[in-house]
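Engineer: The amino acid sequence is not available; the structure is as follows:
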Ligand SMILES: Cc1cc2c(cc1C)N(C[C@H](O)[C@H](O)[C@H](O)COP(=O)(O)OP(=O)(O)OC[C@H]1O[C@@H](n3cnc4c(N)ncnc43)[C@H](O)[C@@H]1O)c1[nH]c(=O)[nH]c(=O)c1N2
Ligand SMILES: CCCCCCC(=O)C(=O)O
Ligand SMILES: [Mn+2]
């Protein structure tokens, strides 16, 4: 992987001295290894080095740092855990990477009200492990142990969204430090209601803003009761069409399914080998999970079992014990790494589109045909209950022609999604690679309105420049 430092912006020694004054020398670094670590996310996109990395310890320090960066017109790139897949944290114009991992307090848990407030260094696994004794949990699960504020910033979702929603539905309030250092509470200071009709929805303005509007320094989140009973199951199909048809029928029947994940034959080959899955074949597969009481999970599974039979699927293989369920979901969450093991030495170009669920069978089939006609391997997985799916295009990182083939495949997939009322990203965001698609998706007036909001909140254009907008 090669690096670029930015020719455009240099953080002056004067600015470094001022940042030192706020943070202390030990919380600011210009070391190559630290900048390198902050130059790329988990994608195969180009790495760009920031000029320095700062580690604030509280909101006041974030605000003081922002005031300095604003005065010196320095780019600021908020950094959560770097698990993003669209190059969101790359310092395309150099500047200051703001790593928020030192702010890792869970500030409050209100058990009776099912909510909590966390700082930006708290990851979803940290929160769920802390919550265990309360009988509550935070269900949004992208697989990676991402920071919850990073998840808010990318509007993350993952396997549980079909039942519990995405970050958009689960963030109640955000504390955001704006580009000039002002501290905003998106729903008003201390507010944590399930509903509000009080003016514009500023909370959702920042959900999915990818660090381009401000630094999220606190998130107030909805919590849920850990279900009394959980039942996981797997079934297999002879075709993509029948697996996805069964999914659509399940949703149309109103089953409150907690997870319904599609893996195609190629992805199953990868997962069977990588995660030692026994008794499964290289076929289109659904991993399912039901949450409820003992009786209700069985009743849900019975109805879905019938739907699967009607669509010529196999009998369910159940995973009732926690250990078996963990094995199954660990295999699903390792799908990304399993896929890359299909071609040692390869890098992965991920895609992410979302369509109305009735369009899903057709678009997945078309995408699979398109990949088959190319020279690349591209397993498909999908959070199909949301109409959301990914392909993983395995490329030789040294071969530019393969990267071009993958980009063209990804672009055609996005165009197909846009043509049927879908979006170019259901959960990974725009980052650097999908800016042209966002403009197409929103149209002229839409993108201009978004740009006006950006200019109002970030008049100097210092917040994560080069992302979201062309
Ligand atoms: C194996 C695997 C599997 C998945 C995924 C990744 C990997 C590696 N992801 C993607 C990823 O986990 C997701 O985008 C997270 O929300 C990123 O959170 P980080 O804290 O890592 O943000 P990261 O540090 O990568 O930053 C991402 C973006 O958010 C901004 N940002 C981060 N923290 C901020 C803050 N406090 N304030 C303002 N801006 C901030 C950054 O500037 C950047 O633009 C995913 N995602 C998903 O939705 N569903 C999925 O199924 C998966 N699956
Ligand atoms: C195996 C597909 C990985 C796609 C990227 C990660 C992701 O979003 C997921 O759902 O897994
Ligand atoms: Mn996903």
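Structural biologist: Perfect, thanks for sending it. On a predicted model such as this, the values are computed, not experimentally measured, just so you know. Ligands and ions are numbered 1, 2, ... in the order given.
Engineer: From here on, just use CA atoms for contacts and neighbour counts.
Structural biologist: Fine.
Engineer: what about the residue in the stretch 101-250 of the chain positioned nearest to ligand 2, neighbour count?
Structural biologist: Nearest to ligand 2, among the residues of the stretch 101-250 of the chain, is residue 158, at 5.7 Å (C-alpha to the nearest ligand atom). Neighbour count of residue 158, defined by other C-alpha atoms under 10 Å: 25.
Engineer: Same check on residue 398?
Structural biologist: Neighbours of residue 398 under the rule other C-alpha under 10 Å: 11.
Engineer: ok, now the one 5 residues further on?
Structural biologist: Number of residues near residue 403 (other C-alpha under 10 Å) recorded here: 21.
Engineer: Show the subsequent helix or strand relative to the helix or strand where residue 417 lies.
Structural biologist: Using DSSP states H and E, residue 417 sits within helix 400-419. Note on helix 400-419: by DSSP H and E, the next helix or strand toward the C-terminus is helix 435-457.
Engineer: Contacts for that following helix, please.
Structural biologist: For helix 435-457, the surrounding residues in contact (C-alpha atoms under 8 Å, 6 or more residues apart in numbering) are 178-179, 212-213, 414, 418, 423-424, 430, 461, 467-470.
Engineer: what about 7 Å?
Structural biologist: 213, 418, 423, 424, 468, 469, 470 (C-alpha atoms under 7 Å, 6 or more residues apart in numbering).
Engineer: got it, and stretch 196-214?
Structural biologist: 77-78, 88, 152-155, 168, 173-174, 176-179, 186-187, 454, 457-458, 463-465.
Engineer: can you do 8 Å?
Structural biologist: Outside stretch 196-214, the residues that touch it by C-alpha under 8 Å, 6+ apart are 77-78, 88, 150, 152-156, 167-168, 171-174, 176-179, 186-187, 429, 431, 454, 457-458, 463-465, 467-468.
Engineer: from the stretch 251-400 of the chain, which residue is nearest to ligand 1?
Structural biologist: Residue nearest to ligand 1 within the stretch 251-400 of the chain: residue 336 (5.3 Å; C-alpha to the nearest ligand atom).
Engineer: buried ones in stretch 258-269?
Structural biologist: In terms of neighbour count (16 or more other C-alpha atoms under 10 Å), stretch 258-269 has its buried residues at 258, 259, 260, 261, 262, 263, 264, 265, 266, 267, 268, 269.
Engineer: ok so, going back, out of the contacts of stretch 196-214, who's near ligand 1?
Structural biologist: Restricting the contacts of stretch 196-214 to those near ligand 1 by C-alpha under 6 Å from any ligand atom leaves 77, 78, 88, 150, 153, 154, 156.
Engineer: what's the closest of these to residue 245?
Structural biologist: Closest approach between those and residue 245, by C-alpha to C-alpha: residue 156, at 25.5 Å.
Engineer: and the closest one, that one's in a strand?
Structural biologist: No: assessed with DSSP: H, G, I helix; E, B strand; the rest coil, residue 156 is coil; it does not lie in a strand.
Engineer: Would you check that my belief about it contacting residue 165 is correct?
Structural biologist: No: with contact taken as C-alpha atoms under 8 Å, residue 156 and residue 165 are classed as non-touching, separated by 9.9 Å.
Engineer: Give me the more crowded residue out of these two.
Structural biologist: When residue 156 is set against residue 165 and neighbours are counted by other C-alpha under 10 Å, the residue ahead is residue 156, at 26 against 17.
Engineer: For the more buried one, list the residues it contacts.
Structural biologist: Each residue near residue 156 by C-alpha under 8 Å, 6+ apart is listed here: 140, 142, 166, 167, 208, 427, 428.
Engineer: The nearest residue to residue 280 once chain neighbours are set aside: how many residues sit nearby?
Structural biologist: Spatial nearest neighbour of residue 280, excluding adjacent residues (C-alpha to C-alpha, 6 or more residues apart in numbering): residue 272 at 7.3 Å. Residue 272 has 17 neighbouring residues, counting by other C-alpha under 10 Å.
Engineer: next one: residue 135
Structural biologist: 13.
Engineer: Show me what from the chain comes close to ligand 1.
Structural biologist: 41-42, 77-85, 88-89, 120, 142-144, 146-147, 149-151, 153-154, 156-158, 210-211, 214-217, 336, 427-428.
Engineer: which residues in the stretch 151-300 of the chain form helices?
Structural biologist: Ranges of helices in the stretch 151-300 of the chain, per DSSP state H, counting those that start in this stretch, are 161-164, 167-170, 202-206, 240-252, 265-274, 294-310.
Engineer: An error on my part: the question was meant for the stretch 1-150 of the chain.
Structural biologist: Using DSSP H, counting those that start in this stretch, the helices of the stretch 1-150 of the chain run over 13-23, 32-37, 59-71, 124-131, 148-154.
Engineer: Most tightly packed of those helices?
Structural biologist: Using mean count of other C-alpha atoms under 10 Å, the stretch among the helices of the stretch 1-150 of the chain with the greatest mean number of neighbours is helix 148-154 (a mean of 29).
Engineer: from the contacts of residue 156, which would you call buried?
Structural biologist: Among the contacts of residue 156, those buried by neighbour count (16+ other C-alpha under 10 Å) are 140, 142, 166, 167, 208, 427, 428.
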